[in-house]
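[1] give me a model of this one.
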Amino acid sequence: MRRLLRLWVVAAILVPLVMLAGGRGLAQDDSATGPIINTSNPVLGDVVSYITESGSEVAHLSASAIELEWAGFSEYYPPAEGSQYVAITVEVTNLGSRGNLIIRADDFRLQDVDGFFYSRSWADASETADLIPAESEVAVAPGATEQVVLVYEVLTGVELSHLFWQPEYERLVTIANLEEYVPGAA
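    Numbers count the residues shown, from 1 in each chain. Next up is the predicted model:
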């Protein structure tokens, strides 16, 4: 009988302690600089948080610059007639502590105001280009920040809408609202 009473006393003490500790999930950050809360329409320069299904913050992404008339292509990759290249620089910070975060350039999509999506162009940069398009995969070490330069071939004068990142099949992250950018508009 005493054993049973001791068990109840221990359980009465441990259960509240376990519940208090269990209330702190991975997604909670009690510090003043907690996880970034994403906005529905981030603009160029805004930081977007990449969060796992469990709520852990994995990375920060930011479309930091856009060059509407990227002319750094090599002589073998001119844009098609009536088209031009747009280069967008995305900064990626790996917030993890183990292993590289692999960013695939092909997982980014540029959308125009008519809803059409553009995939990354395979244009190579000239030897004198300031912006060099990213390789197909960029490894971002834990705690590091890397720049990913994405080049798209778009119709001259088309209004851009958004830059999206699709890191997983069922996931689409809005990186930037680009509605104020019109390539070729003078």
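[2] from here on, contacts and neighbour counts on C-alpha atoms
    OK.
[3] any weak-confidence spans in the protein?
    Regions of the chain meeting the criterion pLDDT under 70 cover residues 1-35, 185-186.
[4] now the helices: where do they sit in it?
    2-22 (DSSP state H).
[5] the residue nearest the centre of it: what's it in contact with?
    Per C-alpha atoms, centre = their mean, the C-alpha nearest to the average position across the chain is that of Leu61, at 4.0 Å. For Leu61, the contact set (C-alpha atoms under 8 Å, 6 or more residues apart in numbering) comprises 47-50, 90-93, 175.
[6] can you pull out the residues in contact with stretch 63-74?
    Taking C-alpha under 8 Å, 6+ apart as the rule, stretch 63-74 contacts 43-47, 84-91, 123-132, 175-176, 181-184.
[7] go again using 6 Å as the cut-off
    44-45, 85-90, 124-126, 129, 183 (C-alpha atoms under 6 Å, 6 or more residues apart in numbering).
[8] can I get these in a markdown table with neighbour count and distance to Asp106?
    Listed next are those as a markdown table, based on neighbours: other C-alpha atoms under 10 Å; distance: C-alpha to C-alpha, whole Å:
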| residue | neighbour count | distance to Asp106 |
| --- | --- | --- |
| Leu44 | 19 | 20 |
| Gly45 | 15 | 21 |
| Tyr85 | 25 | 16 |
| Val86 | 24 | 15 |
| Ala87 | 23 | 14 |
| Ile88 | 23 | 13 |
| Thr89 | 21 | 14 |
| Val90 | 23 | 13 |
| Asp124 | 18 | 15 |
| Ala125 | 20 | 17 |
| Ser126 | 16 | 21 |
| Ala129 | 14 | 21 |
| Pro183 | 20 | 21 |
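[9] which two in these are spaced the farthest apart?
    Gly45 and Ser126 (26.8 Å; C-alpha to C-alpha).
[10] ok, the residue nearest to the residue nearest to the centre of the chain when sequence neighbours are not counted to Val48 distance?
    Closest residue in space to Leu61, ignoring its immediate chain neighbours: Val92 at 4.6 Å, by C-alpha to C-alpha, 6 or more residues apart in numbering. Going from Val92 to Val48 by C-alpha to C-alpha, to the nearest Å gives 10 Å.
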